[in-house]
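Visitor: using only what follows, build the 3D model:
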Amino acid sequence: MMAGGPPFSLGVETHAGLAALTRAIRAEEDGKQLRKELAAGMREALKPGANEAKGSIMSMSSAGLPTSPALRSAVARKIRPEVKLGGRWSGARVKAFKTKNVRGFPNAPKRLNRAGGWRHPVYGNREVWVQQRGKVDWFDRAFQGREGAYKSGVEQAMENMARRIADRAR
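Guide: Below you'll find the predicted structure:
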């Protein structure tokens with residue numbers, strides 16, 4: 001797995017094998033169902049990483065004040081494995097999507113992961129701004145040392161589908 005794109009996603013880069021496999025699936029009569037099964041297998045291989053990232057953000061300390069809506073759980077709900085087959089980008093990754101409608105803070109996953117944190121005005125006083133920090137590298141640390149396991153899991157799902165298509169031809 002390699003970090004690609006924004007700092008709040010981790011994915012397997014596109015390679016020729018995935019493109020060839022996608023073309024072979026399209027050629028099959030039930031290609032749409034096979035694509036769904038391949039995508040499901042690839043997502044399943046990345047689920048442990050997504051769960052680890054969710055646990056990491058949920059372990060972030062809070063100020064102890066009850067606030068609504070809950071930022072940590074909103075960010076955790078937006079962490080999902082994503083698979084795309086074909087198009088401009090093909091591959092599998094775990095991504096923390098934007099948190100729309102959560103305290104007016106759509107970039108929360110990215111800002112909470114950043115060492116510099118973010119600035120915002122104090123509630124009720126728009127002239128006073130404060131610097132706030134989240135749990136630095138909460139997303140990145142969830143995958144450290146296990147990138148190879150997730151990559152091999154995705155490749156195993158691809159290999160299983162390729163073997164399944166090859167067995168049909170015999």
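Visitor: for the protein, which segments are assigned as helices?
Guide: Listed in chain order, the helices of the chain (DSSP state H) span 16-27, 31-58, 71-77, 108-113, 138-141, 147-169.
Visitor: just checking, what packs against the fourth one?
Guide: Using 3 or more CB pairs under 8 Å, 6 or more residues apart in numbering; DSSP states H and E, the elements in contact with helix 108-113 are helix 71-77, strand 91-96, helix 138-141. C-beta: built from backbone N, CA, C; applies to glycine.
Visitor: cool, the last one as well?
Guide: If you count contacts as 3+ CB pairs under 8 Å, 6+ apart, helix 147-169 packs onto strand 9-12, helix 16-27, helix 31-58.
Visitor: in the second one, what's buried?
Guide: Okay, so that is helix 16-27. Neighbour-count burial for helix 16-27 flags Leu18, Leu21, Thr22, Ala24, Ile25 (criterion: 16 or more other CB atoms under 10 Å).
Visitor: and the residues you listed, which is closest to Lys78?
Guide: For the buried residues of helix 16-27, the residue nearest Lys78 by CB to CB is Leu18; the value is 25.2 Å.
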